[in-house]
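K.L.:
Sequence and predicted structure, then a few things I'm wondering about:
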Amino acid sequence: MSQATNSILMIRPINFGYNEETAQDNHYQIKELSHKNVNERAQKEFDNMVFNLRQNGVSVHVFQDDENEYTPDSIFPNNWVSFHENGDVGLYPMCAENRRMERRPEVLDFLENEGFTISNIVDYSSAESENKFLEGTGSMILDRENRLAYCSISNRSNEDLFIEFCEDFEFTPIIFNSFQTVGNKRLPIYHTNVMMCVATDYVIVCLDSIDDKKQRKNVSSFIKESGKKLIEISENQVESFAGNMLELVNDKGESILVMSKSAEDSLNENQKNIITKYSRIISSDINTIETCGGGSTRCMMAEIFLPKK
């Protein structure tokens, strides 16, 4: 089982904007004073990123969002769905009510029409009625080769559901708490993929955000025992979305690490040198999406590991 795929799903937005519901615990969102042209700017950034990925040999499957639904965060599909090598699809319970409309069967039909095989759907979304949430590969960082799953517990990442997922998909759960400084408070980081990225040969992680020393040591130990190089990033770099990256492979099987321009700009030379030993860096300017949506490149890409027909 490989860690990285060549195929991804991306959702082109049609109602992108500042989501009041998710802003309750996503402290990376900044409310724009003017909403004028926010969606158009996001679409332009989206299209440029898709072009950039395709130019670099990534198979990008773009689904056009539906203007009839108010789904300001539809550009971030990795939170509600995951696609697995055995044909399984995971559907996940979303904290924000307006994000639940993103779980659309038409998206799965689209991928089947694109030549992928879906054999089974594992649907956790009924947990929403109990106010329990687990937002896909936003909540969980999967080391697919070593069958390890990392999860920072938050309002959007329920521990019981995470363990249930690990039992269903045969991962070993690694549970911890990570925090960010907001004003003079330490508040939970809402999604694990903000502070952690697992690639084939390395892990990028903000250990400083794990305040509990035992938890920090435990996470560090699992990373090192998995044989991957540990690349630490700072809390300031997390603010620039340096944790929100995703390794893919191009059409030649070469490793690339996808990130935003702000994330790349935040990396120091030593960090870049370690990454580029293993992966080529591909970055795109998605400032509007990051600022207004509070998410970055990793959130925009749902990896497709499904078998082809």
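P.N.:
Now that the structure is in, tell me what you want to look at.

K.L.:
Go through the helix or strand harbouring Ile289 and flag the buried ones.
P.N.:
In the assignment (DSSP states H and E), Ile289 maps to helix 287-293. Within helix 287-293, the residues that count as buried by 16 or more other CB atoms under 10 Å are 288-293. For the C-beta atoms, the positions are set from N, CA and C on the backbone; glycine is no exception.

K.L.:
Same question for stretch 226-243.
P.N.:
Applying 16+ other CB under 10 Å to stretch 226-243 flags 228, 231, 233-235, 237-243 as buried.

K.L.:
swap in stretch 300-309?
P.N.:
Within stretch 300-309, the residues that count as buried by 16+ other CB under 10 Å are 300-306.

K.L.:
Stretch 116-125 now?
P.N.:
116, 118, 124-125.

K.L.:
Compile those into a markdown table and extend it with columns for distance to Arg41.
P.N.:
As requested, the buried residues of stretch 116-125 are exported to a markdown table (distance: CB to CB, whole Å):
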| residue | distance to Arg41 |
| --- | --- |
| Phe116 | 31 |
| Ile118 | 34 |
| Tyr124 | 34 |
| Ser125 | 31 |
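
K.L.:
count of residues packed around Tyr92?
P.N.:
28 (other CB atoms under 10 Å).

K.L.:
Tell me if I'm right that it and Asn79 touch.
P.N.:
Yes - counting by CB atoms under 8 Å, Tyr92 does reach Asn79; the two are 6.8 Å apart.

K.L.:
Can you check which residues contact both of these two?
P.N.:
Residues touching both Tyr92 and Asn79 (CB atoms under 8 Å, 6 or more residues apart in numbering) are 135-136, 139.

K.L.:
All the helices of the stretch 101-250 of the chain, in order from the start?
P.N.:
Secondary structure of the stretch 101-250 of the chain (DSSP state H, counting those that start in this stretch): helices at 105-113, 136-139, 159-169, 213-225, 235-239.

K.L.:
Residue ranges in the stretch 1-150 of the chain under the pLDDT threshold?
P.N.:
16-36 (pLDDT under 70).

K.L.:
Of all the residues in stretch 87-96, which ones are buried?
P.N.:
In stretch 87-96, counting by 16+ other CB under 10 Å, buried: 88-96.

K.L.:
And those, which is closest to Tyr70?
P.N.:
Minimum distance to Tyr70 across the buried residues of stretch 87-96 is 11.4 Å, recorded for Ala96 (CB to CB).

K.L.:
The closest one and Thr297, how far apart?
P.N.:
21 Å (CB to CB, to the nearest Å).
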